[in-house]
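Undergrad: could you look at this predicted model? Sequence included:
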Amino acid sequence: MLPVEVKIHNCRSYDFLASLFRLQNNELIVERFNKLPVSLNLRPDKRIADWVEKTRRALTSGIKERLSTFFDRESFFALFLTNHIKAQSLDEPESLIDYLSSLTDRELTVNFLCSGHGYTEGSSVLDPSLASTSDVDLVQYVSKNMAMPTKQKAILLKLCDNPAEARKQLMHLLIWYNERIFRTLPFDLETEIRPSLERMTTLLQEMGVGLPGLLTGNLLEESRKEGHSTSISLSFFYEIIMLKGLIPSLGEEILVVGHKYLDRVNPAKKKTASVVDLFEVLSSDKNLRILSALSKEPLSTTEIALSARLTNVEVTDYLSQLLRYGIISSLSDNGREVFSVNPADLSKRVSLSLERLFGESS
């Protein structure tokens, strides 16, 4: 019997948004594949690459501009809609578009801000002052707290300055894409993800509430708060990446998981490969920058991004790697998740891994 705290919820709306992200950021996901440990032997789906190339040729200049604005790799503002799919029963793209049209200007502004920063713990929206009508307050908040490049900050300010126009532009993109592209996909999404869905369901039966820890890399996660739940959805287009969302007002975490993601985080392999993978992780420049930032004090995702000069998107992906190999740990600090590293423990872990590696080789 499946636990009520963790559920699998699949519908076309998740991959509708994921396909738009993939269309804009195919090179990012290919880059993620290239940075995986060689022992995993994972490769991007050539059919998706061909679809991306063909579809991009069919896009008008206006659609390309909107796609870049709302689904950029550093600031995917439109992906805030992911958090609302299950809560609002938006299973089809048409219902997702209708929901977008129903949001007030302020709700849209708050969601744009949250897409770059994250929801505050215990609240469904940011502090009201952060969605203020004051241009000065908004500029100060975005400049100080948003971990994204200057260009994306400028786009965010523009979206928040005229949310009605932003809604119009986003709706035009989604409607055009749904009618011209998504309805005629050369893939049967349900068939494509079925093997991974069956595997995920089996893992859920075996692991129960421990499954989210496997997916996020936080296997030492403390027991979930009473009433907290996790919703897991499989995505064909995300392949090996995972999008993590949160709806604090409902106590619900959203994990949209690429259909090859389990092969990345839970592969069947020899111990030697696992040890070598650990050293590959530690050799990454971005991981080392994160560890350097954490060596000073525990930090939140956004604080790490600002300190290490990375974006929230990059930090989220690399944190899951570091957590999975036990290099860092997470804890709750006054209702917010922070991450820390213990240099002595890390040094001991590396020494044990070396002993293990040479012991197997002898």
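TA: Cool, the structure landed.
Undergrad: please, where are all the strands along the stretch 151-300 of the chain?
TA: 229-235, 242-247, 252-258 (DSSP state E, counting those that start in this stretch).
Undergrad: and the pLDDT at S332?
TA: S332 is assigned 71 on the pLDDT scale.
Undergrad: can you confirm it is in a strand?
TA: Yes: membership of S332 in a strand is supported by DSSP: H, G, I helix; E, B strand; the rest coil.
Undergrad: ok, what's across the strand from it?
TA: Counting by DSSP bridges, S332 forms beta bridges with E337.
Undergrad: quick one: mean pLDDT for the longest helix along the chain?
TA: Taking DSSP state H as the criterion, the chain has its longest helix at helix 12-34. For helix 12-34, the mean pLDDT works out to 94.
Undergrad: what bits of the stretch 51-200 of the chain have low per-residue confidence?
TA: 115-149 (pLDDT under 70).
Undergrad: so what are the domain limits for this structure?
TA: Per automatic domain parsing, the structural domains of the chain span 6-261, 269-361.
Undergrad: continuing past the longest helix of the chain, what's the next helix or strand?
TA: Where DSSP states H and E defines the elements, the next helix or strand beyond helix 12-34 is helix 46-58.
Undergrad: those helices in the stretch 101-250 of the chain, which residues are they?
TA: 105-117, 135-145, 150-161, 163-180, 189-207, 211-216 (DSSP state H, counting those that start in this stretch).
Undergrad: now render the ones you listed as CSV, adding distance to P298.
TA: The way it works is simple: take the backbone N, C-alpha and C, and place the C-beta from them, glycine included. Putting those into CSV (distance: least, C-beta to C-beta, whole Å) gives the following:
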stretch, distance to P298
helix 105-117, 19
helix 135-145, 18
helix 150-161, 26
helix 163-180, 35
helix 189-207, 27
helix 211-216, 17
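Undergrad: now render these as JSON lines, adding distance to I85 and mean neighbour count.
TA: Formatted as JSON lines, the helices of the stretch 101-250 of the chain follow (distance: least, C-beta to C-beta, whole Å; neighbours: other C-beta atoms under 10 Å):
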{"stretch": "helix 105-117", "distance to I85": "13", "mean neighbour count": "21"}
{"stretch": "helix 135-145", "distance to I85": "26", "mean neighbour count": "14"}
{"stretch": "helix 150-161", "distance to I85": "21", "mean neighbour count": "17"}
{"stretch": "helix 163-180", "distance to I85": "13", "mean neighbour count": "17"}
{"stretch": "helix 189-207", "distance to I85": "15", "mean neighbour count": "15"}
{"stretch": "helix 211-216", "distance to I85": "18", "mean neighbour count": "20"}
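Undergrad: F80: which of the ones you listed is closest?
TA: helix 105-117 (4.2 Å; C-beta to C-beta).
Undergrad: for the closest one, name the packing helices and strands.
TA: Where contact means 3 or more C-beta pairs under 8 Å, 6 or more residues apart in numbering; DSSP states H and E, helix 105-117 is packed against helix 135-145, helix 150-161, helix 163-180.
Undergrad: closest one to D105 among those?
TA: Using C-beta to C-beta, the nearest of the helices and strands packed on helix 105-117 to D105 is helix 163-180, at 4.2 Å.
Undergrad: and the angle from the closest one to helix 12-34?
TA: Here helix 163-180 runs at an angle of 90 degrees relative to helix 12-34 (axes from the mean of the first three to the mean of the last three C-alpha atoms, to 10 degrees).
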